[in-house]
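>>> please find the sequence and the predicted model below.
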Amino acid sequence: MGEGTSSGGKKRKAPPASPSCPVPAAVVKQEPVEGDVAVALADLPVEAVVVEPPRPRVNVSLYVRMLHCECLRPLEPPIFKCEAGHRLCGRCRGEGHCRRCGRDIASVPCGPEDLEELFDAFRVPCPFERYGCASTVVYHDTDAHRAACAYAPLPCGVAGCPFAGSPRMLRGHLAVAHCWRLDTLPGYGNPLALRVPSEPARHLLAVEGDDRRLFVLSVRELGGGAGRAVWAVSVACVRASGATVAGPQYKCILLTQAPGKAATDGRRAIWETDLLESCEAPGGGAAAWEEDPLLVPPSRLSGPSKGIDLRVRIDVVDPTAPAALLAAAP
Ligand SMILES: [Zn+2]
Ligand SMILES: [Zn+2]
Ligand SMILES: [Zn+2]
Ligand SMILES: [Zn+2]
């Protein structure tokens, strides 16, 4: 389309750039006129093309009662209160007494305490919602929840693997992608007998009825030469250290005994934890939680395959007092 249309053939030109005469922003916001040749950005002074960055937003939710009057209408400023502090809309104020408690309505608008109550009521989804946490948390408590959340993603830890996920996600990932063995204990407090190969490896332990938790069992060789190696077995709970503090706490009892001997035979070894330690990267290298293991000498290995016979039990330590237990732990 040529000149001579609605623009009258006139080109709107930006005023000449001059430090003493910046172009008003309105010039830039004019809609282009049909037939007009777009004003080249290069023709405009630098001040005129600055675009305001979008202001950050956060989506919060509130319980409906925070936003509604006792008459169920949405509250709209100015908001008043009865003598007992119930918030009321202008229409209810005209009635002279509170619908809820019948007391007189004070002629004072809401004060700072109402603002504080509001700030304590703003809630947002847990930052780890996509990892399975369904909690909503008070906005200003988000950091505290993030540190303690049981769904906090943890790295797989296997060399070269970038996967990170909640303990539950890691359970599926390690079992499928890395073919880790998964054994399921028949509930907390109930032992499971299992035989693991005398090979350096890590295995997964789940507990029936609790598909949110994951435990890792490590088998390491402590040296001693072929056929004479001592094996080190340890267990940890797969979770972030913040989630450990938040509880619940667990303890673990591992037991091994000489092959062919009764459980009452004195030649057995027991490993019992005070509180189970955390493992934050189940596939990672040697870790602190493996430093005080159950030792299994070669004489305790079973069968031609030289397996390690174990009985494993995981107990929940009083979940109502995790902080007190932690404080009492050495
Ligand atoms: Zn009302
Ligand atoms: Zn009232
Ligand atoms: Zn959470
Ligand atoms: Zn992995």
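Arrived safely, thanks for sending. Ligands and ions are numbered 1, 2, ... in the order given.
>>> alpha carbons only for contacts and neighbour counts from here, please
Will do.
>>> how about the residues of the stretch 101-250 of the chain by ligand 3?
Contacts of the stretch 101-250 of the chain with ligand 3, taken as C-alpha under 5 Å from the ion, map to 126, 133, 149.
>>> neighbours around the second one, how many?
Looking back up the chat, that one is residue 133. Summarising burial for residue 133: neighbours were counted as other C-alpha atoms under 10 Å, giving 16.
>>> give me the nearest residue to it, chain neighbours excluded.
Distances taken as C-alpha to C-alpha, 6 or more residues apart in numbering place residue 151 nearest to residue 133, at 5.8 Å, with adjacent residues excluded.
>>> that neighbour contacts residue 166, doesn't it?
Yes. Residue 151 is within contact range of residue 166, at 4.8 Å (criterion: C-alpha atoms under 8 Å).
>>> common neighbours of these two, please.
When contacts are counted by C-alpha atoms under 8 Å, 6 or more residues apart in numbering, residue 151 and residue 166 have 131, 132 as shared neighbours.
>>> rewinding a little: need the residues of the stretch 101-250 of the chain next to ligand 3 in JSON lines (columns: distance to ligand 1, secondary structure and pLDDT).
Listed next are those as JSON lines, based on distance: C-alpha to the ion, whole Å; DSSP: H, G, I helix; E, B strand; the rest coil; pLDDT from 0 to 100:
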{"residue": "126", "distance to ligand 1": "33", "secondary structure": "coil", "pLDDT": "96"}
{"residue": "133", "distance to ligand 1": "37", "secondary structure": "coil", "pLDDT": "94"}
{"residue": "149", "distance to ligand 1": "39", "secondary structure": "coil", "pLDDT": "94"}
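>>> between those residues, which is closest to ligand 2?
Within these, distances to ligand 2 taken as C-alpha to the ion reach their minimum at residue 126, with 33.9 Å.
>>> the closest one - how many residues pack around it?
Neighbour count for residue 126, taken as other C-alpha under 10 Å: 23.
>>> contacting residues for it?
Each residue near residue 126 by C-alpha under 8 Å, 6+ apart is listed here: 133, 134, 135, 136, 137, 142, 145, 146.
>>> dump the residue contacts of the first one.
Looking back up the chat, that one is residue 133. Listed by C-alpha under 8 Å, 6+ apart, the contact partners of residue 133 are 126, 149, 150, 151.
>>> any idea how far the first one is from residue 256?
Counting by C-alpha to C-alpha, to the nearest Å, the gap from residue 126 to residue 256 is 42 Å.
>>> those residues of this protein touching ligand 4, which are they?
Within the chain, the positions lying close to ligand 4 (C-alpha under 5 Å from the ion) are 156, 161.
>>> grab the longest helix from the chain for me.
Using DSSP state H, we find that the single longest helix of the chain is helix 167-177.
>>> residues making contact with the next helix or strand after that helix?
Scanning forward in sequence from helix 167-177, with DSSP states H and E defining helices and strands, the next element found is strand 182-185. Counting by C-alpha under 8 Å, 6+ apart, the neighbours of strand 182-185 from elsewhere in the structure are 175, 191, 192, 203, 204, 205, 206, 207, 208, 312, 313.
>>> using PDB, list the CA coordinates for strand 182-185.
Once side chains and other backbone atoms are set aside, the C-alpha atoms of strand 182-185 remain, and they are given as PDB (Å, rounded to 0.1, in the frame of the first residue of the first chain):
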ATOM      1  CA  LEU A 182      14.600 -53.500  45.900                       C
ATOM      2  CA  ASP A 183      13.500 -55.500  49.000                       C
ATOM      3  CA  THR A 184      10.300 -54.600  50.900                       C
ATOM      4  CA  LEU A 185      10.200 -55.000  54.700                       C
END
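>>> which residues of this protein lie near ligand 2?
Proximity of the chain to ligand 2 is confined to 82, 84, 86, 98, 100, 101 under the rule C-alpha under 5 Å from the ion.
>>> the residue in the stretch 201-330 of the chain that ligand 3 sits nearest to: what's it in contact with?
Sorted by distance to ligand 3 under C-alpha to the ion, the residues of the stretch 201-330 of the chain start with residue 243, at 10.0 Å. Residues in contact with residue 243 (C-alpha under 8 Å, 6+ apart) are 147, 148, 149, 150.
>>> now do residue 99
For residue 99, the residues meeting the contact criterion (C-alpha under 8 Å, 6+ apart) are 70, 71, 92.
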